[in-house]
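*Asks:* Okay, sequence plus prediction incoming.
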Amino acid sequence: MTLPQTETITLGLDGPVLHITLNRPDSRNAMSLTMVNELMAVFEAVKDDADVRAIVLRGAGGHFCAGGDIKDMAGARQQAASGDSDAFAKLNRRFGEMITAANHQPQVLITVLEGAVLGGGFGLACISDVAIAHTGATFGLPETGLGVIPAQIAPFVVERIGLTQARRLALTGIRFQGEEARRLGIVHEVAADTDSLEALLEDTLKAVRKCAPHANRVTKALVLNVGHEPMEALLDQAARDFAAAVNSEEGQEGTMAFVQKRPASWNQ
């Protein structure tokens, strides 16, 4: 696997874990088009790599992501003035393509949320498999207060927390912090300080290492298809996937490890 060269994000591979850090701290890691494209390139590069079992996504400088980059909006405005009537739509849709790719990434996607978790950052939190937050992290959908809409984000927010709460957050733009984010179901765990946040991340990664890599990939695809495919067809496919898993090397190793009361070979 060859990771792409990047300017707005930093990458670090630690065994089966790929650490991605949004690295525009001067703008609270605002999501530029360059950052969107670089994230998509990284997701594509590791998608089929079975050795990468988890992706940790976080931000530099004490913030996760403060939303979209205003400079890109200005650039799109210039393109529109030059005759490209689709400039704004294409810019917005590109972010949607990235968040969709992140949502379907076969690895376990873990977000570590600090500081600003707004707009596009909020959307990324809502598609992560495991979200852990500092109690002081600030969440919100500020778009309507700016006269725009959370276009690519709103569907994922609805899927995460349900229609009733998504309507309230999107139509008021209120901001709230870590404990409320946990109550709403946006995040799974909240840490009182930085050391506790890192401990939660390490505990999560230890838990992921106990799970068989291919079984995790198939399970993630299964749960993402709930509500998007007819139930009978979904259960038929799940039965076939289960049979394949039982007969796979992973299935045999997992069973043997259980009988022999030892860690499975992937738990390292």
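*Replies:* Thanks, I have the structure now.
*Asks:* from here on, contacts and neighbour counts on C-alpha atoms
*Replies:* OK.
*Asks:* quick one: terminal-to-terminal distance for stretch 239-255?
*Replies:* End-to-end span of stretch 239-255 (Cα to Cα, to the nearest Å): 18 Å.
*Asks:* buried ones in stretch 62-74?
*Replies:* Across stretch 62-74, burial judged by 16 or more other Cα atoms under 10 Å covers 62-69, 72-73.
*Asks:* Return the distance of the closest residue to M98 other than its chain neighbours relative to G121.
*Replies:* What sits nearest to M98 in space, not counting adjacent residues and going by Cα to Cα, 6 or more residues apart in numbering, is M40, at 5.6 Å. As for M40, its distance to G121 is 15 Å (criterion: Cα to Cα).
*Asks:* who's more crowded, those two?
*Replies:* More crowded of M40 and G121, by other Cα atoms under 10 Å: G121, with 27 against 19.
*Asks:* residues touching that one, list them.
*Replies:* By Cα atoms under 8 Å, 6 or more residues apart in numbering, G121 lies in contact with 64-67.
*Asks:* That one and F156, how far apart?
*Replies:* 12 Å.
*Asks:* can you list contacts of stretch 136-148?
*Replies:* 113-119, 122, 149-150, 169-178, 181, 192.
*Asks:* Just the buried subset of these, please.
*Replies:* By 16+ other Cα under 10 Å, the contacts of stretch 136-148 give 113-119, 122, 149-150, 169-171, 173, 177-178, 181 as buried.
*Asks:* quick one: contacts for the residue nearest to M98?
*Replies:* M40 neighbours (Cα under 8 Å, 6+ apart): 98, 101-102.
*Asks:* so which of the residues you listed would you say is closest to T21?
*Replies:* A102 (14.3 Å; Cα to Cα).
*Asks:* For I9, list the residues it contacts.
*Replies:* 20-24, 35, 38-39.
*Asks:* hmm, back to that, right, and out of the contacts of G121, which lies closest to V218?
*Replies:* Using Cα to Cα, the contacts of G121 come closest to V218 at F64, 28.8 Å.
*Asks:* And that closest one, how close does it get to H188?
*Replies:* Taking Cα to Cα, one finds F64 at 16 Å from H188.
*Asks:* hmm, which helix or strand of this protein has the shakiest average pLDDT?
*Replies:* helix 70-81 (a mean of 78; mean pLDDT, DSSP states H and E).
*Asks:* helices or strands up against that helix?
*Replies:* For helix 70-81, the packing partners by 3 or more Cα pairs under 8 Å, 6 or more residues apart in numbering; DSSP states H and E come out as helix 87-103.
*Asks:* CA atoms only for the helix it packs on - export them in CSV, please.
*Replies:* C-alpha atoms of helix 87-103 as CSV (Å, rounded to 0.1, in the frame of the first residue of the first chain):
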residue,chain,number,x,y,z
ALA,A,87,-19.9,25.9,-9.3
PHE,A,88,-21.5,26.0,-5.8
ALA,A,89,-23.4,22.7,-6.4
LYS,A,90,-20.2,20.9,-7.5
LEU,A,91,-18.2,22.2,-4.5
ASN,A,92,-20.9,21.1,-2.1
ARG,A,93,-21.5,17.7,-3.8
ARG,A,94,-17.8,16.9,-3.6
PHE,A,95,-18.0,17.1,0.2
GLY,A,96,-21.0,14.7,0.0
GLU,A,97,-18.9,12.3,-2.1
MET,A,98,-16.2,12.3,0.6
ILE,A,99,-18.5,11.8,3.6
THR,A,100,-20.3,9.0,1.7
ALA,A,101,-16.9,7.3,1.1
ALA,A,102,-16.0,7.7,4.7
ASN,A,103,-19.4,6.3,5.8
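*Asks:* Report the buried residues of it.
*Replies:* 87-88, 91-92, 94-96, 98-103.
*Asks:* How about stretch 242-254?
*Replies:* Quick answer for stretch 242-254 (16+ other Cα under 10 Å): 242, 245, 250-251, 253-254.
*Asks:* for stretch 205-218, same thing?
*Replies:* In stretch 205-218, counting by 16+ other Cα under 10 Å, buried: 205, 208-209, 212-217.
*Asks:* quick check: mean pLDDT across that stretch?
*Replies:* For stretch 205-218, the mean pLDDT works out to 97.
*Asks:* Could you do stretch 105-116 as well?
*Replies:* Mean predicted confidence for stretch 105-116 is 98.
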